[in-house]
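S.K.: Sequence below, structure please.
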Amino acid sequence: MKAVIQSRYGGPEILELQDVERPQVGDGEVLVRVHAASIHVGDWIMMTGKPYVMRAATGLRKPKNRIPGTDIAGVVEAVGTGVERLAVGDEVVGWVAGAFAEYAVAGQDQLVRKPANLTFEQASAVGLSATTALQLLRDHDIQPGQKVLVNGASGGVGTFAVQIAKSLGAIVTGVTSTKNVELVRSIGADHVIDYTREDFTTGTERYDLILDNVGNRSMAQTRRALAPTGTLISNGGGHEDGKLARTIRTTLVAMVVKQQAKPSVKSPNRDDLMALKSLVESGAVTPVIDRTFALRETPQAIAHVAGGHARGTTVLSIASEAATTGRPIQATAAA
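M.R.: Now for the predicted structure:
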């Protein structure tokens, strides 16, 4: 099969498209023919190996997993002994270790049947970004009628957060750039703020919850827009060491400032995947796809996401590749 291989940490130029052995399915596992895989900021972090502290888990000198990527949608090709929930031919969505390839293996609890109302590209977007948005908002028990502001409302996490908050009955304000105002309004935001024209931190409106996916202002400045009993969730702050530094500051501030939420680790699980599937099937949530790339264009796709200006989720549409085996993929900046 064709797969994107990462043999060391670095920039997009270190990724190679190679022919490798198709993975073998084990007990309790499912082999999936991958039709689409989505990309999020975490894929850039895993590629660069920064912040360095994360290498304790991912591999000190080189990645433990040679094939990057986690979020997929595809069709079950084979099942191992003990698999009861899924069968050959099922269309599925979920997470794996090694998504940027034509085939991938996952435990049966990592996959659910794909919502029938989504394409494979849309379904692959219901991954880490969607799970992060769901968990962040659910952890703070949003009540109908509460005012929620999403800063960075047009990004991967932001587009899901706007829709999930609306499904919980919140009055949602999305903050985005001029070109994305109509997009954010189209996915259900009650109010949209164009940050190039208005600074929500200096306005008179007060919010019960602010989800800050950008981190372009200090936490103290952002908390000015909170109601007295409101909460700030700081989910932005850069892709490398800046993200780590902000996480440390958030942890310290949360110890003494009641309005500041503590940072927490978000990870996919089957229950949340089922919850997201229900939201999608009900029409409450629809993934927003920014751009679609081919598997051989993975470096450009990751660079595009790392640029911080993607609208919704960036996706790899994975089909048979004609690129020369074992040669570096041309890595150019995406527009």
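S.K.: pLDDT below threshold where in the stretch 201-335 of the chain?
M.R.: By pLDDT under 70, the low-scoring segments of the stretch 201-335 of the chain are 237-244, 319-335.
S.K.: any idea where the helices of it begin and end?
M.R.: With helices called from DSSP state H, counting those that start in this stretch, the stretch 201-335 of the chain shows them at 219-223, 241-254, 270-282, 298-306.
S.K.: what separates the longest one from the chain centre, distance-wise?
M.R.: On the basis of C-alpha atoms, centre = their mean, to the nearest Å, the separation between the geometric centre of helix 241-254 and that of its chain is 20 Å.
S.K.: helices and strands around it, which ones?
M.R.: Applying 3 or more C-beta pairs under 8 Å, 6 or more residues apart in numbering; DSSP states H and E, we find helix 241-254 packed against helix 219-223. From N, CA and C alone the C-beta is placed, and that goes for glycine too.
S.K.: Name the residue closest to the centre of the chain, please.
M.R.: Compute the mean C-alpha point of the chain, and by C-alpha atoms, centre = their mean the closest residue is Ser129, 2.5 Å away.
S.K.: mind listing what it touches?
M.R.: Contacts of Ser129 were listed using C-beta atoms under 8 Å, 6 or more residues apart in numbering, and they are Ser38, His40, Gly156, Val157, Phe160, Thr313.
S.K.: Please repeat the previous calculation with a cut-off of 7 Å.
M.R.: His40, Gly156, Val157, Phe160, Thr313 (C-beta atoms under 7 Å, 6 or more residues apart in numbering).
S.K.: what's the span of stretch 84-104 from first residue to last?
M.R.: 19 Å (C-alpha to C-alpha, to the nearest Å).
S.K.: got the buried residues for that stretch?
M.R.: By neighbour count with 16 or more other C-beta atoms under 10 Å, stretch 84-104 contains the buried residues 86, 90-96, 98-104.
S.K.: so what are the domain limits for this protein?
M.R.: 2-127+268-328, 129-254 (automatic domain parsing).
S.K.: With distance to Ala261 as new columns, can the ones you listed be given to me in CSV?
M.R.: Shown next, in CSV, are the domains of the chain (distance: least, C-beta to C-beta, whole Å):
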stretch, distance to Ala261
domain 2-127+268-328, 19
domain 129-254, 5
